[in-house]
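Enquirer: next come a sequence and a model predicted from it.
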Amino acid sequence: AESEVIRSLFVTLRRSYNGTPWMHKRILHALGLKKRHHCVEKPNNESIRGMLMKVPHLVIVETDKMFYLKRMKEYYEQLVRPPLVVQHAISTATTAGSMPQPVSPFIRHHLNVHVNKGKVDGFAKNWVPKEPSKYLKDIAARERVRALTKGGVYSQHVAHINQEYIKQKSTQYAPRESSRD
């Protein structure tokens, strides 16, 4: 088998210049690497290989074939894949032969606590939520302002928020029956 000649090396800076000795900075500058993830193509000769041996912890070195194969892999990963087809039909062969799994007492207890809350002792059925705190009212006011500035006055989201706000205000300031008559 003939060995292939490596004509060029692709050098990628994987770590920043920060905190490196001045000589490493000079080497990276001479290689033409300016910032992280910057990749340059250099000829495969002794001087370049010597420079790369001084900073192996800062760079990734790839041959031309490795670089090409990596680019092709990235290209094929980005291609549109065929749609995934899901069939919801249940085959009779699997359902007829399978037995239902028994439910352990541990799982039954957790189902009762988390799923069937109405059947657990101590769960209040007639629970009424408290009035929202000042903090929550401020958050709602900020949301109204954000929706008005971002979506505009005529957006659907703003109309929904304003309807709820007007409904709250109308119940709060309802006209009272006067007793002076």
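Expert: Cool, the structure landed.
Enquirer: what secondary structure does Glu143 sit in?
Expert: When classified by DSSP: H, G, I helix; E, B strand; the rest coil, Glu143 comes out as helix.
Enquirer: for it, grab the count of nearby residues.
Expert: The tally of other residues near Glu143 (other Cβ atoms under 10 Å) stands at 12. To be clear about C-beta, it is placed using only N, CA and C from the backbone, and glycine gets the same treatment.
Enquirer: relative to Leu136, how far out is it?
Expert: Using Cβ to Cβ, to the nearest Å, we find Glu143 at a distance of 10 Å from Leu136.
Enquirer: need the strands for this protein, in chain order.
Expert: All strands of the chain, identified by DSSP state E, fall at 8-13, 39-43, 59-63.
Enquirer: counting neighbours, what do you get for the residue nearest to Tyr17 when sequence neighbours are not counted?
Expert: Closest residue in space to Tyr17, ignoring its immediate chain neighbours: Lys25 at 5.4 Å, by Cβ to Cβ, 6 or more residues apart in numbering. Lys25 sits with 14 neighbouring residues when counted by other Cβ under 10 Å.
Enquirer: try the one 4 residues further on
Expert: Counted with other Cβ under 10 Å, residues neighbouring His29 total 11.
Enquirer: same thing with Tyr165?
Expert: Residues lying near Tyr165 (other Cβ under 10 Å) number 13.
Enquirer: what does Val55 give?
Expert: Neighbour tally, Val55, other Cβ under 10 Å: 21.
Enquirer: how close does it get to Arg108?
Expert: Distance from Val55 to Arg108, counting by Cβ to Cβ: 63 Å.
Enquirer: distance check, the residue nearest to Tyr17 against Val11.
Expert: Using Cβ to Cβ, we find Lys25 at a distance of 15 Å from Val11.
Enquirer: is it true that Ile27 touches Val55?
Expert: Yes - counting by Cβ atoms under 8 Å, Val55 is a contact partner of Ile27 at 5.5 Å.
Enquirer: for the chain, name the helix or strand with the lowest mean pLDDT.
Expert: For the chain, counting by mean pLDDT, DSSP states H and E, helix 92-97 ranks last in confidence among helices and strands (a mean of 50).
Enquirer: closest to Val85 out of the strands of the chain?
Expert: Across those, Val85 has its closest neighbour in strand 59-63 (38.2 Å, Cβ to Cβ).
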